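# Please find the sequence and the predicted model below.
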Amino acid sequence: MARLITDRGTVNNYRDDAMKAWVNVSSGSSSTTIDKSLGVSSITRDSSGQFQVNLNTGAVASADYAVAGTGQQASEDVFCARPNGSYPQTTAEVTILFQNHAGTRVDASEWSCMIIGG
């Protein structure tokens, strides 16, 4: 029987359907703080509403994974998405962005991201 998590920060890649990494973040326009995480080494704010999630070495075996996220900004919920174009997800990182209902990129004050599979 495969272990999904051997200890904090070590992820088992034997199952394709397992959650490999997750992060819970508090952020703003000038700072980004990881509150809790597994398989994530750091977060980089690229621009308003856009963040690079840096994965621990070995967190995923391939870049063939699903990304899901959620967030909130002030008094509204925001949507988590993957940007189009030149931001491929890799075994080292994935870029995500947050938009409000009007489609404007916003810095979510609190957000979470999950990496499943890979």
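Ah, there it is. From a predicted model like this one, the values you see are computed outputs, not experimental measurements.

# what's the weakest-modelled helix or strand in this structure?
Lowest by mean pLDDT, DSSP states H and E among the helices and strands of the chain is strand 5-7, with a mean of 46.

# Give me the distance between the two termini of stretch 44-54.
8 Å (C-alpha to C-alpha, to the nearest Å).

# again, but for stretch 78-90
24 Å.

# Now do it, average pLDDT.
Averaging pLDDT along stretch 78-90 gives 85.

# Repeat that for stretch 64-75.
Averaged across stretch 64-75, pLDDT comes to 88.

# What of stretch 109-118?
90.

# which residues touch that stretch?
Residues outside stretch 109-118 that contact it (C-beta atoms under 8 Å, 6 or more residues apart in numbering): 13, 16-28, 39, 53, 55, 59-74, 78, 80, 91, 94, 96, 98. Heads up, the C-betas are built off the backbone N, CA and C, glycines and all.

# again, only using 7 Å
16-17, 19-28, 39, 53, 60-74, 80, 94, 96, 98 (C-beta atoms under 7 Å, 6 or more residues apart in numbering).

# Please indicate which of those are buried?
Among the contacts of stretch 109-118, those buried by neighbour count (16 or more other C-beta atoms under 10 Å) are 19-25, 27, 39, 53, 60, 65, 67, 69, 71, 73, 80, 94, 96, 98.

# Now intersect the residues you listed with the strands, please.
Taking DSSP state E, the ones among the buried ones among the contacts of stretch 109-118 that sit in strands are 19-25, 27, 53, 65, 67, 69, 71, 73, 80, 94, 96, 98.

# and the helix or strand hosting residue 51 with strand 65-73, angle?
Residue 51 is part of strand 50-55 when elements are defined by DSSP states H and E. If you take axes from the mean of the first three to the mean of the last three C-alpha atoms, to 10 degrees, strand 50-55 sits at 130 degrees to strand 65-73.
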